[in-house]
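**Q** need a structure here:
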Amino acid sequence: MLANLFGYGGAVTLSLMTIPQIYKSYQSREMDSISPYFLCLQFLTSFFFLIYGVLLGKIPIIVANSISLCGVCILLILRNCHSVLIKDVKNANISEGGQSSSNETISSEQSILFTSSTVT
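**A** Next up is the predicted model:
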């Protein structure tokens, strides 16, 4: 009984762990401070523990790591989309003869691209 209580407590905590980072990353559209190595290691950790939970048949481990894996995948997608958008905006800005370090241009372009992608 006590083991299950700690198991489900850990499952809930692990499941909620990535939600604040997903929210902050989506709102700020700034992903440079998140290490890609951290995301890859978190992905592998959740994946391995998910397989471990399935092999043991332990529901708290399965649920927690499934949700954690989804959160890490969302962060990886946001990071990759952000880096592609930044490269596209910088390349477009350079080809137009502008300076590539214009933060206002990048921010407005990102805002338009993110808004149009979330509406559809």
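
**Q** and Ser35, backbone torsions?
**A** phi -70, psi 130 (degrees, to the nearest 10).

**Q** try Met17
**A** Reported as degrees, to the nearest 10, the phi and psi values for Met17 are phi -60, psi -40.

**Q** below-threshold pLDDT in the chain: ranges please.
**A** Along the chain, the parts satisfying pLDDT under 70 run over 82-120.

**Q** need the contact list for Tyr8.
**A** Applying C-beta atoms under 8 Å, 6 or more residues apart in numbering to Tyr8 gives the contacts Pro60. (C-beta placed from N, C-alpha, C; glycine too.)

**Q** which element is it on?
**A** Tyr8 is part of helix 2-16, with elements assigned from DSSP states H and E.

**Q** got the buried residues for that helix?
**A** By neighbour count on 16 or more other C-beta atoms under 10 Å, the buried set for helix 2-16 is 7, 11, 14-15.
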